[in-house]
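Undergrad: Need the 3D shape of this:
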Amino acid sequence: MNSPASDKTPALQGIRVLSLALNLPGPAALMRCRQMGASCIKLEPPSGDPMGLYNPPAYAQLHEGVKVLTADLKTEAGQKLLHRELEKTDVLLTSFRPSAIDKLGLSWKKIHTLYPALSHVAIVGAPGARAEEPGHDLTYLAENDLVPGLELPATLYADMSGSLMASEAVLQAALRRQEPYAGSGDPHPQGAYREVALSDAAAYLALPRQWGLTQPGGSVGGAHAGYRIYPCQDGRVAVAALEPHFAAALCAAAGVAVADMKAMFAPTTYQAIAAFLRTQTRAQLDTLALEKDIPLHTLSN
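TA: Just a heads-up that it's a prediction; the model follows:
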């Protein structure tokens with residue numbers, strides 16, 4: 001059966017995004033916008049983006065296809081370059097605190113007066129009155145109960161999910177440009193201000209934990225024997241046999257008799273599956289997954 005043809009027109013084709021954002025969330029959002037067809041320009045200070053210093057490969061991937069210009073926005077020359085770019089920009093992307101935005105002469109009231117069609121997507125740490133508070137990915141995850149124990153998280157969840165929310169806000173701004181100014185009958189596009197808070201992004205990621213799904217007693221928090229990390233003979237295996245037919249296939253392979261799916265929450269079921277998996281090599285489990293249609297992924301220690 002052939003898949004239906006997809007519309008290959010980039011969602012942000014014809015949209016010009018100017019970014020002043022450094023480090024990770026802003027450049028990651030700009031990367032997503034570029035991937036969706038936007039023309040992307042970035043102004044960097046003379047010292048460059050810190051990411052380019054401490055991780056050049058990451059910087060290179062984040063800025064592929066982005067036109068990077070140098071401008072000291074604290075100088076008259078830098079301000080002139082900035083405003084030349086703003087005149088032909090659809091969406092401005094920043095990641096400064098509000099006080100820094102004001103110092104750069106980029107308050108929403110001012111730029112909306114100068115460039116009515118320009119939208120501004122402002123990435124901040126926390127929303128509203130908290131936007132001046134210092135913080136980073138780790139603190140936003142911690143305040144949302146996403147940092148168990150003393151281990152650092154596997155990736156920068158708040159930064160990366162915040163970048164997706166920021167690119168979503170750019171999409172919303174692009175859609176707004178296609179509509180007449182609300183209630184006025186004016187066909188000319190009007191810009192909008194959208195704030196994206198990394199703490200809100202972390203809170204969104206934390207919803208399954210708030211609902212109890214990923215708590216220790218939740219079905220995807222360790223209580224269900226078919227959704228766990230187990231040791232195997234030469235490594236580990238991530239098992240995601242949550243749906244009844246997957247769980248049944250796992251139990252059949254392990255030689256575990258279960259009367260119904262409630263048994264997947266019984267300690268004896270977990271113990272029996274764990275005992276079986278400890279006897280298997282990664283290669284054996286990879287073969288089993290293919291033959292028996294069991295969702296699992298093997299890992300080295």
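Undergrad: Below-threshold pLDDT in this structure: ranges please.
TA: Filtered on pLDDT under 70, the chain yields the residue ranges 1-7, 179-188.
Undergrad: Let's see that with 90 instead.
TA: Per-residue confidence of the chain (counting by pLDDT under 90) places the weak regions at 1-9, 128-129, 148, 175-190, 258-261, 301.
Undergrad: domain assignment for it?
TA: Under automatic domain parsing, the residue ranges defining each domain of the chain are 16-210, 227-299.
Undergrad: Any chance of TSV for the ones you listed, columns mean neighbour count and distance to residue 10?
TA: Quick note: C-beta positions are derived from backbone N, CA and C, even for glycine. Supplementary listing: those in TSV, determined by neighbours: other CB atoms under 10 Å; distance: least, CB to CB, whole Å:
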stretch	mean neighbour count	distance to residue 10
domain 16-210	17	2
domain 227-299	16	32
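Undergrad: closest to residue 216 out of those?
TA: In this view, these are compared for proximity to residue 216 by CB to CB, and domain 16-210 is the closest at 9.6 Å.
Undergrad: that older thread, let's have the domains of the chain in JSON lines, adding distance to residue 221.
TA: As requested, the domains of the chain are arranged in JSON lines below (distance: least, CB to CB, whole Å):
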{"stretch": "domain 16-210", "distance to residue 221": "8"}
{"stretch": "domain 227-299", "distance to residue 221": "8"}
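Undergrad: Show me the beta-bridge partners of residue 124.
TA: Beta-bridge partners of residue 124, counted by DSSP bridges, are residue 197.
Undergrad: Help me confirm that residue 190 is found in a strand?
TA: No: with DSSP: H, G, I helix; E, B strand; the rest coil as the criterion, residue 190 is coil rather than part of a strand.
Undergrad: and the gap between it and residue 134?
TA: For residue 190, the distance to residue 134 (CB to CB, to the nearest Å) stands at 34 Å.
Undergrad: Repeat that for residue 300.
TA: Counting by CB to CB, the separation of residue 300 from residue 134 is 38 Å.
Undergrad: Ok, residue 163 next?
TA: Using CB to CB, residue 163 is found at 20 Å from residue 134.
Undergrad: Also residue 296?
TA: According to CB to CB, residue 296 stands 42 Å off from residue 134.
Undergrad: which residue ranges form the strands in the stretch 1-150 of the chain?
TA: Under the criterion DSSP state E, counting those that start in this stretch, the stretch 1-150 of the chain contains strands at 16-19, 39-44, 67-70, 91-94, 119-124.
Undergrad: what sits against residue 149?
TA: When contacts are counted by CB atoms under 8 Å, 6 or more residues apart in numbering, residue 149 is found next to no other residue.
Undergrad: how far away is the spatially most central residue of the chain from residue 35?
TA: Among the residues of the chain, the one closest to the centroid is residue 161, at 2.3 Å (CA atoms, centre = their mean). From residue 161 across to residue 35, the span is 16 Å (CB to CB).
Undergrad: again with residue 286
TA: Going from residue 286 to residue 35 by CB to CB gives 32 Å.
Undergrad: Ok, residue 191 next?
TA: Noted for residue 191: a distance of 23 Å to residue 35, by CB to CB.
Undergrad: before we move on, the earlier item: do you know which of the strands of the stretch 1-150 of the chain lies nearest residue 213?
TA: Comparison of the strands of the stretch 1-150 of the chain against residue 213 by CB to CB identifies strand 119-124 as nearest, at 27.9 Å.
Undergrad: Show the secondary-structure elements that that closest one is packed against.
TA: helix 25-35, strand 91-94, helix 98-103, helix 157-177, strand 193-197 (3 or more CB pairs under 8 Å, 6 or more residues apart in numbering; DSSP states H and E).
Undergrad: At which residues are the helices of this protein located?
TA: Under the criterion DSSP state H, the chain contains helices at 25-35, 50-54, 56-62, 76-86, 98-103, 108-114, 137-143, 157-177, 198-205, 207-210, 244-254, 267-278, 282-292.
Undergrad: how about TSV for those, with distance to residue 235 added?
TA: TSV is the format used below for these (distance: least, CB to CB, whole Å):
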stretch	distance to residue 235
helix 25-35	31
helix 50-54	32
helix 56-62	28
helix 76-86	51
helix 98-103	48
helix 108-114	53
helix 137-143	27
helix 157-177	25
helix 198-205	28
helix 207-210	27
helix 244-254	18
helix 267-278	11
helix 282-292	5
